[in-house]
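Return a 3D structure for these sequence lines:
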Amino acid sequence: MTAKNILFIMCDQLRFDYLGCTGHPHLKTPHIDALAARGVRFDNAYVQSPICGPSRMSTYTGRYVRSHGATWNQTPLRVGEMTLGDHLAPLGLRTALCGKTHMAPDLDGMQRLGIDPASGIGARIAECGFEVWDRLDGVHPTGGKPPSHYNAHLAGLGYGGPNPWEQWANSAEGDDDEILSGWLMQHADRPARVAEAESETPYTTTRAMEFIDAAGSEPWCLHLSYIKPHWPYIVPAPYHALYGPEHVRPVVRSEAEREDPHPLLAAYFEHRFSRVFAREEVRARVIPAYMGLIAQLDDQIGRLIGWLDETGRSADTLIVFTSDHGDYLGDHWLGEKELFHDPSVKVPLIVVDPSSEADATRGEVLPHLVEAIDLAPTFVDWAGGAACPHILEGHSLLPLIRGEAPLWRGAVISEYDYSGRRAQRMLGQPIPDCRLVMVFDGRWKYIHCEGFRPMLFDLETDPSEFHDVGTDPACEAERQRLAALLHRWALRHHNRTTISDAEIEAGQGREVDQGVFIGFWDQTDVREAREAGHSGN
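Numbering: from 1, shown residues only. Predicted coordinates for the structure are as follows:
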């Protein structure tokens, strides 16, 4: 089979454990489960940052956050960073976006280099290397950046108001027909005003199918990037009523976590999004809506994959399903994401390789430590490209999927910058020092917190991550070991992207070919060097 297409599906804020195939006791996701059965599910997949922007920039560049520098939402990805489009275009794939990227363009850098953002190359750089088929980042309040097509689509269907997304997709109706904002979680049990077929998830699916249909026989990589189940937690009928408080799993938290917590964790306990999710009535209202959004996603995945099967396209399409991070939903006394407990930093990852080489692993769950940056080199590998490890810092997953046993990493890395949060002010931490780095080796999770002691969790004896042993004298050896691992990672080459190791090796001792004789005494030395084929330096 000739590798052809890539369908790269990413959900936003989907927890790893909120799927049927990952063990949720109530949530039904038969179509995503079916994808796992026809491919491989990776059970230990971690993102490079537990927040949208930097996580996605790592996934799209195949590089760690410290390498690409886009450390938080709305931090521009600097001009010059290669993205999926840059890697796949020379291999003949058209790389397009349908949905969210959270990309912020480096307009200052483009201006400095004389690149017009409205030009062809400028538009690609400004959109993270993607051809924009339909960009829908999912949070479009009045005064915010409008979606590229969705508001016009709703307006064309007769949905009125100055911002149809806000008034219809992100609003419910009260008992007296008043409009209730979806931003307020007390309304999460009410259906969104928009018709289900015109809500964001079905709309994005339809647009993706339109792109694939229009592409014809041209090879493509389509980034189908759903903005749900990311907040606002509001879902149209009938999905708003599929689940209720009786389907909400018990919260995963312990009073021990609030007894002498790490200073940063204590600060995060005080954020509004954490305090609201500490209330059981909030979880009982919000989590059923979160589950309803996932059920809607699953139905749309079924609709799309069924169509690909019917039209024969799935036979030559690599399909990837994942998320950009998770959602605490009150676990560990926290809301949102941003820290490094598994509900935040661990994600679902399913890869369906249609080639016969992958038949032996179909339906398997692989335990390898996988990073989101592994997807870009996987796509390059699928498209027939050569590995370029001086740029792409991840590793292709195809050898694992095809039953091979390559040398594999012993730990994963994730990073976060909390300088934009209230915690920075509460702790009085200088903005450049609001840095966190997680190292997880499959058992021990070590978190470097600049200016403070580290955090440490032993997931073998404490799988719920209740007990921070970052000060336990009995764990000193593990702290030193993981700190050394982090130190080695930090000292690696991360920014030498313009020349490969092979090119450096090929150039060793070649100055004689250029007439440069460093350290030579006489013509005999020159003759010996020419015969040997290198300068001796």
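
need the contact list for the residue positioned nearest the centre of the chain.
When Cα atoms, centre = their mean is applied to the chain, the residue found nearest the centroid is residue 324 (2.9 Å). Residue 324 makes contact with 10-13, 47, 52, 55-56, 59, 347, 372, according to Cβ atoms under 8 Å, 6 or more residues apart in numbering. All C-beta atoms are positioned from the backbone trio N, CA, C, and that covers glycine.

and if you look at residue 285?
Going by Cβ under 8 Å, 6+ apart, residue 285 touches 185-186, 188-189, 245.

Same check on residue 235?
By Cβ under 8 Å, 6+ apart, the residues touching residue 235 are 191-192, 199, 228, 289, 292-293, 296.

Mind checking which of the contacts of residue 324 land in helices?
52, 55-56, 59 (DSSP state H).

Now residue 379: closest residue in space that isn't a chain neighbour?
Leaving aside its sequence neighbours, residue 379 sits nearest to residue 6 (Cβ to Cβ, 6 or more residues apart in numbering; 5.5 Å).

hang on, isn't that neighbour packed against residue 351?
No. Between residue 6 and residue 351 there is no contact under Cβ atoms under 8 Å: 10.6 Å.

okay, these two: which has more neighbours?
Legend: neighbour count by other Cβ atoms under 10 Å for residue 6 and residue 351, higher for residue 351 (28 against 23).

list the contacts for that one?
The contact partners of residue 351, taken as Cβ under 8 Å, 6+ apart, are 39-40, 42, 318-321, 378, 397, 401.

likewise residue 80?
So residue 80 contacts residue 109 (Cβ under 8 Å, 6+ apart).

So it lies in a strand, does it not?
No. Read with DSSP: H, G, I helix; E, B strand; the rest coil, residue 80 is coil and lies in no strand.

what's the distance between it and residue 391?
Per Cβ to Cβ, to the nearest Å, residue 80 is found 11 Å from residue 391.

Same check on residue 134?
Residue 134 is 28 Å from residue 391, by Cβ to Cβ.

can you check residue 25 too?
43 Å.

quick one, which of these two is more surrounded?
Between residue 25 and residue 391, residue 391 has the larger neighbour count (other Cβ under 10 Å), namely 21 against 7.

Run through the residues that contact the more buried one.
Counted by Cβ under 8 Å, 6+ apart, residue 391 has contacts 62-63, 82, 497.

List only buried entries from the residues you listed.
Buried by 16 or more other Cβ atoms under 10 Å: 62-63, 82, 497, out of those.

And for residue 113, the neighbour number?
Look at residue 113: counted by other Cβ under 10 Å, it has 12 neighbours.

do the same with the one 4 residues further on
Neighbourhood size, residue 117 [other Cβ under 10 Å]: 15.

hmm, back to that, need the contact list for the residue nearest to residue 379.
Here residue 6 is in contact with 88, 93, 220-222, 317-318, 320, 379, 382-383 (Cβ under 8 Å, 6+ apart).

Give me the three-state assignment for it.
The local conformation at residue 6, judged by three-state DSSP, is strand.

Then residue 134?
strand.

Tell me who's in contact with it.
Contact partners of residue 134, counting by Cβ under 8 Å, 6+ apart, are 97-99, 148-150, 204, 207, 211.

Only whichever of the residues you listed are buried, select them in PyMOL.
Restricted to buried positions by 16+ other Cβ under 10 Å, the PyMOL selection for the contacts of residue 134 reads:
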select buried, resi 97+98+99+149+150+204+207+211
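
any chance of the contacts of residue 134 in a markdown table, with secondary structure, distance to residue 408 and pLDDT too?
Formatted as a markdown table, the contacts of residue 134 follow (DSSP: H, G, I helix; E, B strand; the rest coil; distance: Cβ to Cβ, whole Å; pLDDT from 0 to 100):
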| residue | secondary structure | distance to residue 408 | pLDDT |
| --- | --- | --- | --- |
| 97 | strand | 31 | 98 |
| 98 | strand | 32 | 98 |
| 99 | strand | 31 | 97 |
| 148 | coil | 39 | 68 |
| 149 | coil | 41 | 90 |
| 150 | helix | 41 | 94 |
| 204 | helix | 34 | 98 |
| 207 | helix | 37 | 98 |
| 211 | helix | 34 | 98 |
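
and which of the contacts of residue 134 is nearest to residue 420?
Distance to residue 420, by Cβ to Cβ, is smallest for residue 99 among these, at 24.0 Å.

Hmm, the closest one is touching residue 225, no?
Yes. Checked against Cβ under 8 Å, the pair residue 99 and residue 225 is within contact range at 3.3 Å.

between these two, what contacts are shared?
10, 204.

List the buried residues in stretch 108-127.
Neighbour-count burial for stretch 108-127 flags 110, 115, 122, 124-127 (criterion: 16+ other Cβ under 10 Å).

repeat for stretch 69-79
Residues of stretch 69-79 classed as buried: 69-72, 75-77, 79 (neighbour count, 16+ other Cβ under 10 Å).

Then stretch 373-392?
373-383, 385, 388, 390-392.

Stretch 296-311 too?
296-302, 304-305, 307-308.

do stretch 23-40 as well
24, 27-29, 31-36, 38-40.

so of those, which ones are in helices?
31-36, 38.

how deep is residue 224 tucked in, by neighbour count?
Around residue 224 there are 28 residues (other Cβ under 10 Å).

ranges for the helices of the stretch 351-500 of the chain?
Counting by DSSP state H, counting those that start in this stretch, the segments of the stretch 351-500 of the chain that form helices are 375-382, 398-401, 422-427, 476-491.

Deepest-packed of the ones you listed, please.
helix 375-382 (a mean of 25; mean count of other Cβ atoms under 10 Å).

List the contacts of that helix.
With contact meaning Cβ under 8 Å, 6+ apart, helix 375-382 is reached by 3, 6, 8, 59-62, 84, 87-88, 91, 221, 318, 320, 322, 351, 353, 386-388, 392, 394-398.

repeat that for 6 Å
3, 6, 59, 62, 87, 318, 392, 394, 396-398 (Cβ atoms under 6 Å, 6 or more residues apart in numbering).

swap in stretch 487-497?
So stretch 487-497 is in contact with 67, 390-391, going by Cβ under 6 Å, 6+ apart.

That stretch: end-to-end distance?
21 Å (Cα to Cα, to the nearest Å).

rewinding a little: quick check on the contacts of residue 285: which are buried?
Members of the contacts of residue 285 classed as buried by 16+ other Cβ under 10 Å are 185, 188-189.
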